[in-house]
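Q: attaching a predicted model along with its sequence, questions to come.
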Amino acid sequence: MNKETLFALSLFPYLGFLWFATRSGQFPKLALWGFYGTLVFVAVTIPAGIYAQVHYGESLANVDWLHGSAEVFLTLSNILVALGFRQRFLENQADRDRNL
C-alpha cells in the first residue's frame, strides 16, 4: 500500500472522530473548530502538493514557500485546539474553586 492510499484511508477514522466529538457535546467549541481546521489543512495541502509536483517537479516538502503556506493552516488549527482545551481547563478549575 502506498503512502497516498494510506493518507486517503486515514481520513475516515478522523471523520469518525469528528462525528463523535461533535455529537458528544463534551469538547470545547474552540478546540472542535481547531480539529475541523485540520480538514482545511488537508484540503489546502493536497492541491499544494499537486502544484509543487507539476510546476516544480518536486514534492511539497521541497518547495519551502508553498510548504510553509500550507503549514500555516495546521499551525492555526493546533492553536485553536490548545486554546480551546486551555479555556475548558480554566473553566473547570474555576468551578472547582467555587465549590470548595
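A: Received, thanks. As the structure is a prediction and not an experimental result, all values here were calculated from the model.

Q: give me the number of residues near Val49?
A: Just so we're on the same page, residue 49 is Gly rather than Val. Using other CB atoms under 10 Å, Gly49 has 19 other residues around it. Every residue, glycine included, has its C-beta placed from N, CA and C.

Q: what about it, helix or strand, and which?
A: Using DSSP states H and E, Gly49 sits in helix 29-51.

Q: what angle sits between whichever helix or strand comes after that helix and helix 29-51?
A: In the C-terminal direction, the helix or strand that comes right after helix 29-51 (DSSP H and E) is helix 64-98. Put simply, helix 64-98 runs at 170 degrees to helix 29-51, going by axes from the mean of the first three to the mean of the last three CA atoms, to 10 degrees.

Q: hang on, the earlier thing: figure out how far the helix holding Gly49 is from the centre of its chain.
A: 6 Å (CA atoms, centre = their mean, to the nearest Å).

Q: can I get it in CSV, CA atoms only?
A: What follows is helix 29-51, C-alpha atoms only, in CSV (Å, rounded to 0.1, in the frame of the first residue of the first chain):
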residue,chain,number,x,y,z
LYS,A,29,-16.2,24.5,20.9
LEU,A,30,-12.9,26.3,20.1
ALA,A,31,-11.0,23.0,20.2
LEU,A,32,-13.6,21.4,18.0
TRP,A,33,-13.1,24.3,15.5
GLY,A,34,-9.4,23.5,15.6
PHE,A,35,-10.0,19.8,14.9
TYR,A,36,-12.2,20.8,11.9
GLY,A,37,-9.5,23.2,10.8
THR,A,38,-7.2,20.2,10.3
LEU,A,39,-9.5,19.3,7.4
VAL,A,40,-8.9,22.7,6.0
PHE,A,41,-5.1,22.0,6.2
VAL,A,42,-5.7,18.7,4.4
ALA,A,43,-7.8,20.4,1.7
VAL,A,44,-5.1,23.0,1.2
THR,A,45,-2.2,20.6,1.3
ILE,A,46,-3.4,18.3,-1.5
PRO,A,47,-3.7,20.9,-4.2
ALA,A,48,-0.4,22.5,-3.0
GLY,A,49,1.3,19.1,-3.3
ILE,A,50,0.0,18.7,-6.8
TYR,A,51,1.1,22.2,-7.8
